[in-house]
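Pasting the sequence and the predicted coordinates here, then a few questions.
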Amino acid sequence: MEDKYKEVLIDILDEIVDICKKNNLKYYLGYGSVLGAIRHQGFIPWDDDIDLVMPRKDYDYLIQNRDKLFTRDYQLSFYGITSNYHYDFAKVESKKTTLIERIDPLYVGGIYVDITPLDNVPSVQEDEKMITPVKNILFGGYSRYYMYALPKKFFLKWILRKIGRMLYPIDKKLAKCDAIASQYQDIKTEYVRDFHTSYVNRGLFKWDVFGNGVEKEFEGKKYVVPTQYDVYLQQYYGDYMTPPPVDERTSGHTYLYVNCNKRLSDEELKPIVKKLKKAYTYQFSIRKEWRMIIDKFKEWNNNWNIL
């Protein structure tokens, strides 16, 4: 499956690149995809995704014109547009495949390429002001209530999750995040940031690092990477040409179900989803509930003693 999976990823990438060329939109390979291009001339052997970054204006154009730009075999998914989609950035998915990455809330899509926007930042000082509320959204309530499922949830955690989601409407919060990040998009600035990166403290660059980009080989084809890719990779990964220890060579993704050859119908999905949900269904146990309360009390007591 791995070869077929990566073949689909390249097909999606080629579709996006073709659209960008036809519509004069700028893109760059991002993160591990840049690293793969420079160190391996393709996928990092233990990686299983492709990341792109785009200037905010081009990114917004892609989203706003998605139905016109993408063919029947591909779709662009985005929060507030795609049902049950709770990611803070866009994905371009193959409609000829099926992928379930999360079960709570359930989202059934296809094999995908991630796209995140690059936003203008006028100064280091302004970046510090902007990043704080964005971090509070993306690494606060969003992360706590939407990013992670709770396998075999304890009742208390299940209740807190449900209440949190009611009090924290995700589409509005992510829209606020994008409004903060994109407030300088009509102003030429010296700096640029991907506000959606998990490497949040390393994400501020001068625009010159990206520039017009340069083409590098990736899986036998040429794609655009940041002009100063060495600066980009050092800032994110340090000594990026030295592979990590063997026990750290993991993709970081957990795909619950993948079908590289077909988008399953609702009827075909029913038994698959039912089986997957068993691991994420609350199971009542007085002993476990009581143990959780005791452990939480000990944690609070220890923290109080430290203070």
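Good, I have the coordinates.

next one: stretch 233-253 to chain centre, how far?
Relative to its chain's centre, stretch 233-253 lies at 18 Å (Cα atoms, centre = their mean, to the nearest Å).

For that stretch, measure first residue to last.
Distance between the boundary residues of stretch 233-253 (Cα to Cα, to the nearest Å) amounts to 21 Å.

ok, L118 - how many residues close by?
27 (other Cβ atoms under 10 Å). C-betas here are computed from N, CA, C, even on glycine.

beta partners for it?
Assessed by DSSP bridges, L118 has beta-bridge partners P55.

My guess is it contacts R193. True?
Yes - using Cβ atoms under 8 Å, L118 is in contact with R193, at 7.2 Å.

could you pull out the strands for the stretch 101-250 of the chain?
Remark: strands assigned in the stretch 101-250 of the chain by DSSP state E, counting those that start in this stretch are 106-109, 112-121, 191-193, 204-206, 214-218, 221-225.

can you list those strands in a markdown table and add distance to D266 and mean pLDDT?
Output for the strands of the stretch 101-250 of the chain, formatted as a markdown table (distance: least, Cβ to Cβ, whole Å; pLDDT from 0 to 100):
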| stretch | distance to D266 | mean pLDDT |
| --- | --- | --- |
| strand 106-109 | 9 | 91 |
| strand 112-121 | 20 | 97 |
| strand 191-193 | 40 | 97 |
| strand 204-206 | 44 | 96 |
| strand 214-218 | 36 | 97 |
| strand 221-225 | 36 | 98 |
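
can you put these in a markdown table and add distance to Q235?
Output for those, formatted as a markdown table (distance: least, Cβ to Cβ, whole Å):
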| stretch | distance to Q235 |
| --- | --- |
| strand 106-109 | 31 |
| strand 112-121 | 14 |
| strand 191-193 | 12 |
| strand 204-206 | 7 |
| strand 214-218 | 17 |
| strand 221-225 | 14 |
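
okay, and for this structure, where does confidence drop off?
Across the chain, the ranges flagged by pLDDT under 70 are 1, 149-154, 281-286, 288-289, 301, 303-307.

tell me the secondary structure for the residue nearest to S251 when sequence neighbours are not counted?
What sits nearest to S251 in space, not counting adjacent residues and going by Cβ to Cβ, 6 or more residues apart in numbering, is D48, at 4.6 Å. When classified by DSSP: H, G, I helix; E, B strand; the rest coil, D48 comes out as coil.

Could you pull up phi and psi at D48?
As for D48, its main-chain torsions (degrees, to the nearest 10) stand at phi -150, psi 30.
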